[in-house]
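Dropping a prediction and its sequence here:
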Amino acid sequence: MAKTEYKTIDQYHTAFPAGIVKRMQKIRKIINKVVPDAEETISYQIPCFKYNGYLLYYSAYTKHISLSHPYSDNFLKHFKADLKAYKVTKSAIPIPNNIDLPVELIKRIVEFRKKENGADNKK
């Protein structure tokens, strides 16, 4: 299989079925609403959002979508109770595609990452 070199998030999305794209677009919309000035880019060949540093990544797979964040003890401690239902690693939260996206949790994660990056103090 040839390696794909995605240049944009929209290009990344075209590689997936409509149902998965809809889920990714919902995540993208949440991020853009919480951090309207976030820069959309591709990093490690997956969607990445930057705002005062790396904010959040997401990536799609057959059975789940992963939210990824730069490793942070504070993040994992802060969301420990919320993440009990997921098989979380040090830097990724896989959300199974057969369940509804936890929209409010994702919103809180983005808000936390924004604060953790010091984005609110940037100006």
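Yep, it's here.

Listing request: residues of the chain with sub-threshold pLDDT.
Scanning the chain for pLDDT under 70 picks out 1-3, 71, 119-123.

Which parts of the top helix by length along the chain count as buried, going by neighbours?
Ranked by residue count and defined by DSSP state H, the top helix of the chain is helix 18-34. By 16 or more other CB atoms under 10 Å, the buried positions in helix 18-34 come out as Ile20, Val21, Arg23, Met24, Ile27, Arg28, Ile30, Ile31, Val34. (C-beta placed from N, C-alpha, C; glycine too.)

Stretch 5-13 too?
So for stretch 5-13, counting by 16+ other CB under 10 Å, buried means Tyr6, Ile9, Tyr12, His13.

Relative to Ala81, which of the residues you listed is nearest.
Ile9 (30.6 Å; CB to CB).

Identify the residues contacting the closest one.
Arg28, Glu40, Thr41, Ile42, Pro47 (CB atoms under 8 Å, 6 or more residues apart in numbering).

Next: Leu76.
Leu83, Val88, Lys90.

Surely it is in a helix?
Yes. Counting by DSSP: H, G, I helix; E, B strand; the rest coil, Leu76 is part of a helix.

Centre of the chain to stretch 48-67, how far?
3 Å (CA atoms, centre = their mean, to the nearest Å).

re the thing from before, C-terminal to the longest helix of the chain, what's the next element?
strand 39-43 (DSSP states H and E).

Note down every partner strand of that following strand and its orientation.
Paired with strand 39-43 in the same sheet, following DSSP bridges, are strand 46-50 (antiparallel).

Grab the longest strand from the protein for me.
The residue-count maximum for a strand in the chain (DSSP state E) belongs to strand 54-60.

Distance to Phe75 and secondary structure added to the buried residues of stretch 5-13, as a markdown table?
Below are the buried residues of stretch 5-13 laid out as a markdown table (distance: CB to CB, whole Å; DSSP: H, G, I helix; E, B strand; the rest coil):
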| residue | distance to Phe75 | secondary structure |
| --- | --- | --- |
| Tyr6 | 26 | coil |
| Ile9 | 23 | helix |
| Tyr12 | 24 | helix |
| His13 | 26 | helix |
